[in-house]
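A.B. asks: A predicted structure for the sequence below; I have some questions about it.
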Amino acid sequence: MSRHQTIVIKIGSNVLTQSNGLPDLDRMEHLVDQLITLKKAGNKIVLVSSGAVAFGRQNTAVSEKLNPVLKKQIWAATGQIRLIQEYQRLFQKKHKQAIAQILVTKEDFRDRKHFLNMKSCVEALLQQDIIPIVNENDTVTITELMFTDNDELASLTAAMINADTLLLLTNVDGIFNGNPEDANSELIENIEASVAEISSYISASKSSFGRGGMLTKFGMAKKSADLGIEVLIANGKREGILIDYLNQNLRCTRFEPKRKRQAAKKWLAHGSHYYKGEVFINEGAKKSLTSTVIRSLLPVGITKIEGEFLKGDILLVRDEKGNQLGLGKAAYSSKAAQEKIGLKNQKPIIHYDYLYLFDHD
Ligand SMILES: Nc1ncnc2c1ncn2[C@@H]1O[C@H](COP(=O)(O)OP(=O)(O)O)[C@@H](O)[C@H]1O
Ligand SMILES: N[C@@H](CCC(=O)OP(=O)(O)O)C(=O)O
C-alpha cells in the first residue's frame, strides 16, 4: 500500500554489523532492496546511515598504541568510503537508483546559512529522485562538537526537511518496559504525545557498537514527535521490516505525533545546544510572550544580554530569575542589541515566526 510520505530512515551501527563487529553486507542488501520498494511505492526517502567506523575497523589496521580518538577518526575517514561504495553498488548497480553522500557536523545545524544551504540541497536531491545518505563528518567532530549519536542527527534531519515520519532502525523491536533480553519484558507499542518521561524503564546499556543508547533514542524520538513528526523505533535486523512498515504491520514503538510546527520553529526547537547568546527579559515582556496573543520580543523588555552573536544566530531567552523560556533567531547582532536594551520603538530582536517557547509551542 502506498503512503506517499517523506521518511527519514536511520540505520544504526548495530544493524549493519554482525556480532563480531564486521560489516553485515547481506543485511545491508536486504535493507536496500526494501528501500527501493518503499520508494517505488511513492515515498521520498532520506537515509541516515551509521557504519563508517565499523567498515573502517574491518579494513584498516592501526597501531594499538594510537590515541583512541585518532583511531576512530581514521576508521571513520577510511570506512565512510567503503560504506558509500557498498551503498553505491547496491543502489546504483543493482537497482539503478542514484544516491548522494551528505556529511555534516553539529555546526551546520547551528548556523542558519549552513542549515538553509543543506536543507535546499536535500530537497533538491529528493526532487531529482536521488536518495541522500547522511552521516556525521566524524573526522572533524570530536568530543563536544559531536552529535550525541546518529539518532540526534536523524532527528535534526527529519525536522529540517519537514518529514512525516522518522524511522529509527536498531537491533531491538523498540522500547521495552524492562531489559529487552528479559522474557518478561514487553514492548511498549505506543507512546502518547502527553508522556514526558518513561526513562525509568530504560537502562544505560547500549548495543555493542552503538554510541548513544536507548535513552538518547527516546529523548530524540520524543522531541521529534513533539514537533509533529511520527516516530517509529523498530528492529532493522528483522526480515522484511520495511515491507511491514509499508503494509502498516510494523512491530515497533510508535510515538504519537503532536500537531505540526512551522519549519523555522522546528529548527529552533533543536537549538538548545546551539545558541550563541542569552537574552534576559523583564516580567512584562515574559507575560506578553507567554500570553495567547502572538507577540515578538522587543528590546524594551530586555534587561541584559550575554554572549556575542550575529544576525541569524540562535538566542536563549531567560526571565529575570534565569529560567529558560525559549529560543529565537536574532534579528540583529549582539553589538546592535546591547545599544537598544530597554529602548522603546525598536524593531523586535526576535520576531514571533522565529520564536520557540518551551511550554507554549
Ligand atoms: N528499555 C529498553 N528497551 C529497549 N532497548 C533498551 C532498553 N534499555 C536499554 N536498551 C538498549 O538500547 C540498545 C539500542 O540503542 P543503541 O545501542 O543506541 O542502538 P543503535 O546503534 O541502533 O543506535 C538496545 O540494543 C538495548 O541494549
Ligand atoms: N558516524 C558514526 C556513527 C555513530 C553513531 O552514532 O552510531 P549509532 O549508535 O548507530 O547511532 C559511524 O558512521 O560510524
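C.D. replies: Right, received. Where do you want to start? Numbering: from 1, shown residues only. Ligands and ions are numbered 1, 2, ... in the order given.
A.B. asks: Can you show me the helices along the stretch 101-250 of the chain?
C.D. replies: 106-110, 112-127, 150-160, 214-226, 241-246 (DSSP state H, counting those that start in this stretch).
A.B. asks: So which of those is the most surrounded?
C.D. replies: helix 150-160 (a mean of 27; mean count of other Cβ atoms under 10 Å). The way it works is simple: take the backbone N, C-alpha and C, and place the C-beta from them, glycine included.
A.B. asks: Can you give the distance of that helix from its chain's centre?
C.D. replies: In terms of Cα atoms, centre = their mean, to the nearest Å, the centre of helix 150-160 is set 2 Å apart from its chain centre.
A.B. asks: The helices of the stretch 101-250 of the chain: which one's closest to ligand 1?
C.D. replies: Ligand 1 lies closest to helix 214-226 among these, at 3.4 Å (Cβ to the nearest ligand atom).
A.B. asks: Would you mark the buried spots in stretch 159-179?
C.D. replies: 159-176 (16 or more other Cβ atoms under 10 Å).
A.B. asks: okay, now the nearest residue to residue 131 once chain neighbours are set aside: neighbour count?
C.D. replies: The spatially closest residue to residue 131, leaving aside those adjacent along the chain, is residue 99, at 4.9 Å (Cβ to Cβ, 6 or more residues apart in numbering). By other Cβ atoms under 10 Å, the residues close to residue 99 number 17.
A.B. asks: pretty sure residue 99 contacts residue 86?
C.D. replies: No: counting by Cβ atoms under 8 Å, residue 99 stays clear of residue 86, with 10.8 Å between them.
A.B. asks: Identify the residues contacting residue 28.
C.D. replies: 16, 86-87, 90 (Cβ atoms under 8 Å, 6 or more residues apart in numbering).
A.B. asks: try 10 Å
C.D. replies: When contacts are counted by Cβ atoms under 10 Å, 6 or more residues apart in numbering, residue 28 touches 11, 15-17, 49, 51, 83, 86-87, 89-90.
A.B. asks: Kindly report the same for residue 140.
C.D. replies: Here residue 140 is in contact with 73, 103, 105, 107, 146 (Cβ under 10 Å, 6+ apart).
A.B. asks: want to throw those residues into TSV with pLDDT and distance to ligand 2?
C.D. replies: Below are the contacts of residue 140 laid out as TSV (pLDDT from 0 to 100; distance: Cβ to the nearest ligand atom, whole Å):
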residue	pLDDT	distance to ligand 2
73	90	11
103	96	9
105	91	11
107	84	15
146	77	8
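A.B. asks: Show me which pair in those residues is furthest apart.
C.D. replies: Pairwise distances across those (Cβ to Cβ) peak at 16.7 Å, for the pair 73 and 107.
A.B. asks: For the stretch 251-361 of the chain, which segments count as helices?
C.D. replies: With DSSP H, counting those that start in this stretch as the criterion, the stretch 251-361 of the chain has helices spanning 263-269, 283-290, 334-340.
A.B. asks: Least confident secondary structure element in this protein?
C.D. replies: None of the helices or strands of the chain scores lower by mean pLDDT, DSSP states H and E than helix 263-269, at a mean of 81.
A.B. asks: Return the list of helices and strands in contact with that helix.
C.D. replies: If you count contacts as 3 or more Cβ pairs under 10 Å, 6 or more residues apart in numbering; DSSP states H and E, helix 263-269 packs onto helix 112-127, helix 150-160, helix 214-226, strand 314-319, strand 324-329, strand 355-357.
A.B. asks: closest to ligand 2 out of these?
C.D. replies: Closest to ligand 2 of the helices and strands packed on helix 263-269 is helix 150-160 (Cβ to the nearest ligand atom; 3.5 Å).
A.B. asks: now the angle from that closest one to helix 214-226?
C.D. replies: Per axes from the mean of the first three to the mean of the last three Cα atoms, to 10 degrees, the angle that helix 150-160 makes with helix 214-226 is 10 degrees.
A.B. asks: Let's test this: mean pLDDT of helix 150-160, rounded?
C.D. replies: Averaged over helix 150-160, pLDDT sits at 93.
A.B. asks: I'd guessed residue 167 sits against residue 245; true?
C.D. replies: Yes: in this structure residue 167 lies within contact range of residue 245 using Cβ atoms under 10 Å: 6.7 Å.
A.B. asks: so what sits against both of these two?
C.D. replies: 7, 9, 38, 232, 234, 252.
A.B. asks: Please list all residues in contact with residue 288.
C.D. replies: Contact analysis of residue 288 by Cβ under 10 Å, 6+ apart lists 281-282, 295-298, 301.
A.B. asks: hmm, try it at 8 Å
C.D. replies: For residue 288, the contact set (Cβ under 8 Å, 6+ apart) comprises 295, 301.
A.B. asks: before we move on, what about residue 147?
C.D. replies: When contacts are counted by Cβ under 8 Å, 6+ apart, residue 147 touches 106, 136, 141, 153, 156.
A.B. asks: could these go into a markdown table alongside distance to residue 351?
C.D. replies: Supplementary listing: the contacts of residue 147 in a markdown table, determined by distance: Cβ to Cβ, whole Å:
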| residue | distance to residue 351 |
| --- | --- |
| 106 | 25 |
| 136 | 31 |
| 141 | 31 |
| 153 | 28 |
| 156 | 22 |
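A.B. asks: Make a markdown table from those residues and add distance to ligand 2 to it.
C.D. replies: Putting those into a markdown table (distance: Cβ to the nearest ligand atom, whole Å) gives the following:
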| residue | distance to ligand 2 |
| --- | --- |
| 106 | 12 |
| 136 | 4 |
| 141 | 9 |
| 153 | 8 |
| 156 | 13 |
